[in-house]
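**Q** dropping the sequence and predicted coords here.
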Amino acid sequence: MSPPVAPPGWSRWLVPPAALSIHLSIGQAYAWSVFKPPLESALDLSGTQSALPFQLAIVMLGLSAAFGGTLVERNGPRWAMTVALVFFSTGFLVSALGAATGQYWLIVFGYGFIGGIGLGIGYISPVSTLIKWFPDRPGMATGIAIMGFGGGALIASPWSAQMLESFGSDSDGIALAFLVHGLTYAVFMTLGVLLVRVPRPREAVAETAAANVVTGPQVSADSAVRTPQFWCLWVVLCMNVTAGIGILEKAAPMIKDFFADTSQTVSVTAAAGFVALLSAANMAGRIGWSSTSDLIGRKNVYRVYLGVGALMYALIASFGDSSKPVFVISALVILSFYGGGFATIPAYLKDLFGTYQVGAIHGRLLTAWSTAGVLGPLIVNWIADRQEEAGKSGASLYTLSLFIMIGLLAVGFVANELVRPVHPRHHVTTTPKEAADVGARQQPESA
């Protein structure tokens, strides 16, 4: 499948909506917590067990992005979006079969393994293309697209809750909800497949343009993974994601538990609304903070994510169960940083390694997300299960987890401080003609 080239006069502002159609769909993953209580009740699962599909999906996201990044760069965004559509929708259909037959392993395999591959390929599919369309504002461009992934749950959370209320929260109702998800997202993602275009190379590139290309660093994906900068950013992303994803995955049950022993109990509907609010903060942070990074720099904005994020966790741990506003506002700030971290990382990579193979480098870095996708939910769910077995309840189920998250953010803060420019020995050396070719690929004809 050849990458579709934009015709003369094509507006680059049509590309972000194409990316959004994919990311808003796969962003459903952030609404998984809505399905956790019904699955636990219908299939007699623990909190740790009901998190397995989500955890495996995030693991497969990182692995498929890492191993498929080079293929995405080679085959283009339309191929990648089509692959994402097939795997993501198929994952829901297999999960529907698992719920209908009471075979939980099919839900884990369908949503986690098959759907997770769709998540990974879909997530990175528009990133390199957007950076090439918007070389002047890479943080804003990637933020627009990745904003969709954070905002997916804003749609999916109330939608899923409504379906479970209409269809029932037993295994048959869950199966029907999964089926509707799979079919609907297939249609919506098709819009992105049909709309996406790659920049049209200029027929002639001035010598000055070629000279400008080689002034910045250009590092291949294979060389990038051998630099300390890559691994510092790997730690930064892993720590930031672990600290956010553990709470996000358990958001609906967590807010109910925090206020269960108080006079301010939280209903199922309100908990689903809280998940939607977190999704909105996640989405807003992706465009807001990534655009801010174009102004203040990537390292500075990560200092905000990691440093202020740790302070927000401390507020929740200390005062969260005594004040709903403190709990909700702190959580919203944390999720805005969590989303901003995802949206800023491609531009951070572009600053350090150039645009030469930034899509493939980004894919390999997302193995940090895979690791965090296991660590975050495992820490929160395992500790909560153990505390419940010990006879504790309410906010005390999560206090230890919150302090662990503060420590992880501190580790990420230190790793960010260690980031330095990449040594020239890792740069790709190009001839003037090769540099001109790279410049032609990176500069869109129509802006």
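**A** Perfect, I can see it now.
**Q** where along this structure do the strands fall?
**A** Using DSSP state E, the chain contains no strands.
**Q** can you tell me which residues contact the nearest residue to Ala280 once chain neighbours are set aside?
**A** Leaving aside its chain neighbours, Ala280 sits nearest to Leu154 (5.3 Å; criterion: CB to CB, 6 or more residues apart in numbering). Placement of C-beta: from N, CA and C, glycine included. When contacts are counted by CB atoms under 8 Å, 6 or more residues apart in numbering, Leu154 is found next to Ala276, Ser279, Ala280, Met283.
**Q** save those residues as JSON lines, and put in pLDDT too.
**A** Putting the contacts of Leu154 into JSON lines (pLDDT from 0 to 100) gives the following:
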{"residue": "Ala276", "pLDDT": "76"}
{"residue": "Ser279", "pLDDT": "76"}
{"residue": "Ala280", "pLDDT": "82"}
{"residue": "Met283", "pLDDT": "83"}
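**Q** among those, name the ones in helices.
**A** Among those, the ones falling in helices (DSSP state H) are Ala276, Ser279, Ala280, Met283.
**Q** count the neighbours of the second one for me.
**A** Okay, so that is Ser279. Close neighbours of Ser279, defined as other CB atoms under 10 Å, add up to 27.
**Q** and the third one, by the same measure?
**A** Ala280 is flanked by 18 other residues according to other CB under 10 Å.
**Q** the first one now?
**A** When neighbours are counted by other CB under 10 Å, Ala276 registers 22.
**Q** the closest residue in space to it that isn't next to it in sequence and Ile316: what is the separation?
**A** With CB to CB, 6+ apart as the criterion, Ala276 has its nearest non-adjacent residue at 4.6 Å, and that residue is Ser157. To Ile316, Ser157 is 20 Å away according to CB to CB, to the nearest Å.
**Q** thought Ser89 was touching Tyr185?
**A** Yes - between Ser89 and Tyr185 there is a contact under CB atoms under 8 Å: 5.7 Å.
**Q** any idea how far the residue nearest to Ala276 lies from Tyr30?
**A** Per CB to CB, Ser157 is found 8 Å from Tyr30.
**Q** shared neighbours, the two?
**A** Shared contacts of Ser157 and Tyr30 (CB under 8 Å, 6+ apart): Val275, Ser279.
**Q** which ones are touching the closest residue to Thr48 other than its chain neighbours?
**A** What sits nearest to Thr48 in space, not counting adjacent residues and going by CB to CB, 6+ apart, is Asn381, at 4.5 Å. Asn381 is in contact with Gly47, Thr48, Ala51, Gly246, Glu249, Lys250, counting by CB under 8 Å, 6+ apart.
**Q** ok, Gly91 next?
**A** For Gly91, the contact set (CB under 8 Å, 6+ apart) comprises Ala57, Gly110, Tyr111, Gly112, Phe113, Ile114, Gly115, Gly116, Ile117, Gly118, Gly182.
**Q** what's next to stretch 106-120, contact-wise?
**A** With CB under 8 Å, 6+ apart as the contact definition, stretch 106-120 has outside contacts at 26, 29, 39, 52-66, 68, 83-99, 178, 363, 366.
**Q** ok, of those residues, which come out buried?
**A** 26, 29, 39, 52-66, 68, 83-99, 178, 363, 366 (16 or more other CB atoms under 10 Å).
**Q** among the residues you listed, which are in helices?
**A** Filtering the buried ones among the contacts of stretch 106-120 for membership in helices, criterion DSSP H, returns 26, 39, 52-66, 68, 83-99, 178, 363.
**Q** which one of the ones in helices among the contacts of Leu154 is nearest Val301?
**A** Relative to Val301, the closest of these is Met283; by CB to CB it sits at 16.9 Å.
**Q** quick one on the thing from earlier: let me know the closest of the contacts of Leu154 to Leu164.
**A** Ala276 (14.5 Å).
**Q** measure the closest one to Ala18 for me?
**A** Using CB to CB, we find Ala276 at a distance of 25 Å from Ala18.
**Q** how about Gly102?
**A** Gly102 sits 39 Å away from Ala18, going by CB to CB.
**Q** among those two, which residue is more densely surrounded?
**A** A direct count of neighbours by other CB under 10 Å for Gly102 and Ala18 places Ala18 higher, at 24 against 13.
**Q** what pLDDT does the more buried one get?
**A** pLDDT recorded at Ala18 is 90.
**Q** likewise for the one 4 residues further on?
**A** Per-residue confidence for Ile22 comes out at a pLDDT of 93.
**Q** so it sits against Val127, correct?
**A** No - Ile22 is not in contact with Val127 according to CB under 8 Å; the separation is 11.0 Å.
**Q** between those two, which has more neighbouring residues?
**A** Just comparing Ile22 and Val127: by other CB under 10 Å the higher neighbour count belongs to Ile22, 32 against 29.
**Q** residues in contact with the more buried one?
**A** Ile22 is in contact with Met81, Ala84, Leu85, Gly122, Ser125, Pro126, Gly148, Met189, Gly192, counting by CB under 8 Å, 6+ apart.
**Q** redo that, cut-off 7 Å
**A** Contacts for Ile22 were tallied using CB atoms under 7 Å, 6 or more residues apart in numbering; they are Met81, Ala84, Gly122, Ser125, Pro126, Met189, Gly192.
**Q** now do it against Val15, distance only.
**A** Distance, Ile22 to Val15, by CB to CB: 12 Å.
**Q** Thr142 now?
**A** Note on Thr142: its distance to Val15, by CB to CB, is 12 Å.
**Q** which residues touch the nearest residue to Ala243 once chain neighbours are set aside?
**A** Leaving aside its sequence neighbours, Ala243 sits nearest to Met405 (CB to CB, 6+ apart; 4.2 Å). The contact partners of Met405, taken as CB under 7 Å, 6+ apart, are Ala243, Gly246, Tyr313.
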